[in-house]
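My questions are about this predicted structure, shown below with the sequence.
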Number of protein chains: 2
Amino acid sequence: MILKWNGWGYEGEGIKQDKAKKILDVLSGFLGVSEKEYVEPVKLESIKIPEPRIKIKDNLDVRYDKYERVLHSSGRSYKNLVRLKRGNIKRFPDAVVYPKSKQDVIDIIEFCSNNGIGCIPFGGGTSVVGSVDTYDIDPERPVITVDMKSMSDVIEADVKSKTAKVMAGITGPNLEEKLRKFGLASRHYPQSFYFSTLGGWIASRSAGHFSSRYGKIEDMIESLEAITPKGIVRNHGFPSTACGPDIPRIFTGSEGIFGIITEAVIRCHKIPEKKISTSFLFPSFERAAECARNIVQNGVFPPLIRILDEREYMISSVLSGNTIESGSLLIVGFEADEENQKVVESEFEFVRRVCQKFGGTDEGKKRFEDWKKEYFEQPYLRDLLMDFCIIVDTLETATSWSNLINLYKKVKEGMESVIFSESIGGVSCRITHVYESGASLYFTFFAKAKFGYEEEFWWKIKKKASDTISENGGTISHHHGVGRDHKIWARKELKDSLIVIKAIKNNLDPKNIMNPENLID
Amino acid sequence: MILKWNGWGYEGEGIKQDKAKKILDVLSGFLGVSEKEYVEPVKLESIKIPEPRIKIKDNLDVRYDKYERVLHSSGRSYKNLVRLKRGNIKRFPDAVVYPKSKQDVIDIIEFCSNNGIGCIPFGGGTSVVGSVDTYDIDPERPVITVDMKSMSDVIEADVKSKTAKVMAGITGPNLEEKLRKFGLASRHYPQSFYFSTLGGWIASRSAGHFSSRYGKIEDMIESLEAITPKGIVRNHGFPSTACGPDIPRIFTGSEGIFGIITEAVIRCHKIPEKKISTSFLFPSFERAAECARNIVQNGVFPPLIRILDEREYMISSVLSGNTIESGSLLIVGFEADEENQKVVESEFEFVRRVCQKFGGTDEGKKRFEDWKKEYFEQPYLRDLLMDFCIIVDTLETATSWSNLINLYKKVKEGMESVIFSESIGGVSCRITHVYESGASLYFTFFAKAKFGYEEEFWWKIKKKASDTISENGGTISHHHGVGRDHKIWARKELKDSLIVIKAIKNNLDPKNIMNPENLID
Ligand SMILES: Cc1cc2nc3c(=O)[nH]c(=O)nc-3n(C[C@H](O)[C@H](O)[C@H](O)COP(=O)(O)OP(=O)(O)OC[C@H]3O[C@@H](n4cnc5c(N)ncnc54)[C@H](O)[C@@H]3O)c2cc1C
Ligand SMILES: Cc1cc2nc3c(=O)[nH]c(=O)nc-3n(C[C@H](O)[C@H](O)[C@H](O)COP(=O)(O)OP(=O)(O)OC[C@H]3O[C@@H](n4cnc5c(N)ncnc54)[C@H](O)[C@@H]3O)c2cc1C
């Protein structure tokens, strides 16, 4: 299977023709889109690419061909894809290397170090924040992108302790398949699951849709190994320790700027046998959020709990062919097996009671299933709409419960004001992860744009959202990371802590070869 | 109330005369201890202390008096106390400062920086690993100990989000009392609760007895502020974030070597109304451990779950006047209120079922209550026995489930071999914290020692335990920290990661004034 160089997924995948037509029909009413607005994406052949300026050791698996260099020129943000589709890319890695061993990684980093070459660790390349983008790196400086996907094995598993030592280049499906042989499961399911990798998750502090219970990736890492220009960094893995600062947590969120993560010991779980799930409809998003707060502050953490705001629920209903109902939908999913079923059932009952108390009505499993079906399809839909000059993108934040609705309203209003001042479109939102102290807000925005003006318009909307988040007590990212796109806001958010990050960076990577100009300056 | 300068707790506190007599009676049979072996601790007056070599700004609350300088000369390890009781202390801080504000802290650090003076952050001084000891610091170098206990307020609370911003010098009881006004509770109860402080907990990665559910202190910190010689480091607090590496986790476990933590936002919980607890007796420690593993790997985390091995259970029975029964005791405690009672009851039922399946018999609440009563008394008992030349101390580790019983046996055998080769005594153990991937082992050892030989003998036993832990897959500390006493093993354990810690240290504290020679060299 060949990855699309300019879109989501493998060649041949995408929204089926009839569904695409249906969606366009719906949108034509709303956004005035018609088939004649279709913009054919440029062909790979027409992209001009300069000669590579470097030559690495022959014993490494190096690719200099156009497909690989274009595929690795960026991540999968809206900006990345619209540039690729329009053939508007001018900066590429000089080479793409697929290390097969730690020694390969050491050799590559040494080569880059000795020659002052930029070195971009690359997992699935699904970053939506520019963290694998070659664009902004000094054009004079050669760059090698290091694709980790040839290092993708489960090295060993400790079935009794439910941990597994895994190579960093493994993708979601591959990981789960290999863990299953040991009766284990990671329960880490980001929407990008099919393509993103363990190393990328760690480097970006990724969250999966079960993370309200099992934690984000940083909670799952018992130990890791990273190769930095200064040498190998490794920590022993224990269930917990008080032996100095938390080394894995220094590398989670490091976005490739300290070194290349080669492996990690992850905390796993048993494979759930049954799922118990349903959905509740609330009169308002605010009410549903209050309900979720009450659930988790009572010590009950459903693996899956999401709340679609009124707009998001409406769109979801339309896309799955349901009647449009107003309200905000809370979906909840538990996992169980024979052994713990009774406990899980009582948690489920508890959730039901709290939902009813807060005015939610049980909508049953179907809404949940509809949502699930549609969930992994969303990225393909973004691709489709892009071809009709419709911007669709998502961004996310997190804040305390006491600030949640305030932030939600401000960000939504802010984005809508930019969209409506120039065009038509909309903003919807869902709560994707809940904590005892707060929750994350995940916004989807869409807008009709003029051909050629898409990126600029997209950035205007995104900038407004980010400014609003930053000024109103939200984090610039709950799980996508900082990358190159969020740097200006991260600088504000990290403020004083920047000296610590820079201390580590300057020491581990004194020549600044690792993912230069990413995360910090 | 005045803190004892050479023992646990406040002046006047301790084991009641009649109980002490009973304990000594029991021990006389077993260890051959008699009242004539009593060694009178030296008086404060007889301790010789050199003139302070420094003079700090008058606007600071500085103490130069003997009581303060002796009290702050060390922590509360066995070694510390035996030295104090025998008057065997030669190194003291030149001054003790109690900062009242951040500005005070900045001034102190600046003063130390400008004059190359060692600066030891001090919370409750309850460290048992030498992390506030002045002993090993170059005697030529003046040292200031910075006692944080005047900075002990809850600055603000966000009741809806269940978080509170708290000054680092606050002790356990003070924290809980102030949080209670907001309807909040931290649920962090280390055994040293009455005297240790938030800053000390953070700096040592402390665990409380409810941490199997609520997490260790590092899980509770949303943000913190630390003053380093390089400046203030602060992070914004969010329920979670992907904005770069995890800053608070860099300071948890830093043991005062990067700077002084002045405040933190901690994640709190509602105050539980009811407790549901019981105990189960198992045929063996191994069987009880297997049971605990099955409980947590099914996703049920009782706030309190501890397992006393056969020896520990025997001692506990004797001390609380129960009949001696053989077996291993698992005690379990849940917390609930009206709202979540049903869920908690079903978890409790689940625990009961699993315990029964693994051969445990319900011993009811009394054993639990006995244990609890005795729990906070244990440190006073150590003091008492010390006066009869009996070494009593504890040490702890953590490892994976698959290595737990192996490590348990090896450490126990190792320690016993040292004790029995020279004297009589014993080793007992309990599991104090459980995780899906493993558990902590908390050893208590006691041995009769010759007067004057106590410290050397203690160290022989402790060294053997630490070597065994280090060579057999345990961490050198699960929650006490590294300090100066565990440095040689921490160096092995941290190995490659040391470069990261040193990078931070050298950058934030280039003159090495912060807690010199602690944690790393
Ligand atoms: C459609 C879509 C849906 C998404 N859904 C989610 C979601 O549900 N949850 C979520 O958390 N994220 C989501 N993302 C964002 C993205 O998938 C995550 O950030 C993911 O963790 C990136 O993994 P990756 O392997 O693709 O990393 P890449 O995109 O290749 O790289 C991301 C960052 O990690 C670094 N990196 C990668 N591998 C290594 C390594 N081995 N060592 C050191 N650094 C490395 C890179 O240098 C870069 O800085 C989504 C993205 C898309 C496009
Ligand atoms: C009887 C007894 C029982 C114990 N039980 C437990 C237990 O159940 N769980 C547990 O985790 N530990 C326990 N301990 C160990 C000890 O109480 C903990 O390590 C505790 O966290 C130390 O807190 P403290 O305030 O006393 O810190 P201190 O002993 O004063 O200092 C400990 C370390 O933290 C640093 N430090 C203190 N305050 C700050 C600050 N504000 N900024 C920067 N650095 C700082 C010091 O420099 C030192 O390195 C016990 C100790 C004793 C003696």
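That came through fine. Ligands and ions are numbered 1, 2, ... in the order given.

Within range of ligand 1, give me the residues from the stretch 401-521 of chain A.
When proximity is defined as Cβ under 6 Å from any ligand atom, the stretch 401-521 of chain A approaches ligand 1 at A:479, A:480, A:481, A:515, A:518. C-beta coordinates here come from the backbone N, C-alpha and C atoms, glycine included.

between those residues, which is closest to residue A:370?
Checking these against residue A:370 with Cβ to Cβ, the nearest one is residue A:479 at 23.7 Å.

hang on, the earlier thing: ok, which of the residues of the stretch 401-521 of chain A next to ligand 1 also contact ligand 2?
Okay, of these, nothing touches ligand 2 (Cβ under 6 Å from any ligand atom).

Just flag the most distant two among the residues you listed.
Among these, A:479 and A:515 lie farthest apart (Cβ to Cβ), at 18.7 Å.

Neighbour count: these two, which is higher?
For residue A:479 and residue A:515, the more surrounded residue by other Cβ atoms under 10 Å in any protein chain shown is residue A:515, and the numbers stand at 30 against 25.

Please give me every residue in contact with the more buried one.
For residue A:515, the contact set (Cβ atoms under 8 Å, 6 or more residues apart in numbering or on different chains) comprises A:118, A:119, A:120, A:121, A:131, A:132, A:255, A:256, A:257.

Tell me the most packed of those residues, by neighbour count.
When neighbours are counted by other Cβ under 10 Å, residue A:121 leads these with 33 neighbours.

the helices in the stretch 1-150 of chain A, which residues?
Ranges of helices in the stretch 1-150 of chain A, per DSSP state H, counting those that start in this stretch, are A:17-31, A:66-71, A:78-86, A:102-115.

Can you say which of these is nearest to ligand 2?
With Cβ to the nearest ligand atom as the criterion, ligand 2 lies closest to helix A:102-115 of these, at 34.6 Å.

The closest one and ligand 1 in contact?
No: Helix A:102-115 does not reach ligand 1 (Cβ under 6 Å from any ligand atom); its nearest approach is 8.8 Å.

Can you give the contact residues for that helix?
Contact partners of helix A:102-115, identified using Cβ under 8 Å, 6+ apart, comprise A:54, A:56-57, A:60-61, A:97, A:99, A:117-119, A:142, A:144, A:146, A:151, A:225, A:227-229, A:259-260, A:262, A:511, A:513-514.

and what of stretch A:494-502?
A:491, A:519-520, B:230-236, B:243-245, B:247, B:250, B:504, B:507-508.

Which members of those residues occur in helices, if any?
A:491, B:247, B:250, B:504, B:507, B:508 (DSSP state H).

Of the residues you listed - the most surrounded one?
Neighbour counts for the ones in helices among the contacts of stretch A:494-502 (other Cβ under 10 Å) peak at residue B:250, which has 28 neighbours.

for it, what are its contacts?
Residues in contact with residue B:250 (Cβ under 8 Å, 6+ apart) are A:245, A:246, A:249, A:250, A:500, B:258, B:504.

Show the contacting residues for the last one.
I take that to be residue B:504. Counting by Cβ under 8 Å, 6+ apart, residue B:504 makes contact with A:245, A:500, A:503, A:504, B:250, B:258.

ok, 7 Å please
The contact partners of residue B:504, taken as Cβ atoms under 7 Å, 6 or more residues apart in numbering or on different chains, are A:500, A:503, A:504, B:250, B:258.

what's the closest of those to ligand 2?
residue B:258 (7.9 Å).

Need the residues that contact the lengthiest helix in chain A.
Longest helix of chain A, by residue count under DSSP H: helix A:401-422. Helix A:401-422 has contacts (Cβ under 7 Å, 6+ apart) with A:286, A:289, A:293, A:397, A:399, A:425, A:427, A:429, A:437-439, A:441, A:443, A:445, A:447, A:457, A:460-461, A:464-465, A:468-469, A:472-474, B:158, B:160-161.

quick one: buried residues of that helix?
A:401-405, A:407-408, A:410-412, A:414-416, A:418-419 (16 or more other Cβ atoms under 10 Å in any protein chain shown).

now it, how far from the chain's geometric center?
Distance of helix A:401-422 from its chain centroid, counting by Cα atoms, centre = their mean, to the nearest Å, is 22 Å.

avg pLDDT for that helix?
For helix A:401-422, mean pLDDT rounds to 98.

Could you point out the helix or strand that follows that helix?
Counting by DSSP states H and E, the next helix or strand C-terminal to helix A:401-422 is strand A:425-434.

Which strand or helix spans residue A:464?
helix A:454-471.

what packs against that helix?
Judged by 3 or more Cβ pairs under 7 Å, 6 or more residues apart in numbering or on different chains; DSSP states H and E, the packing partners of helix A:454-471 are helix A:78-86, strand A:390-400, helix A:401-422, strand A:438-448, helix A:487-494.

can you rerun that using 6 Å?
Applying 3 or more Cβ pairs under 6 Å, 6 or more residues apart in numbering or on different chains; DSSP states H and E, one finds that helix A:454-471 makes contact with helix A:78-86, strand A:390-400, helix A:401-422, helix A:487-494.

Now, of the contacts of helix A:401-422, which are buried?
A:289, A:293, A:397, A:399, A:425, A:427, A:429, A:437-439, A:441, A:443, A:445, A:447, A:457, A:460-461, A:464-465, A:468-469, A:472-474, B:158, B:160-161.
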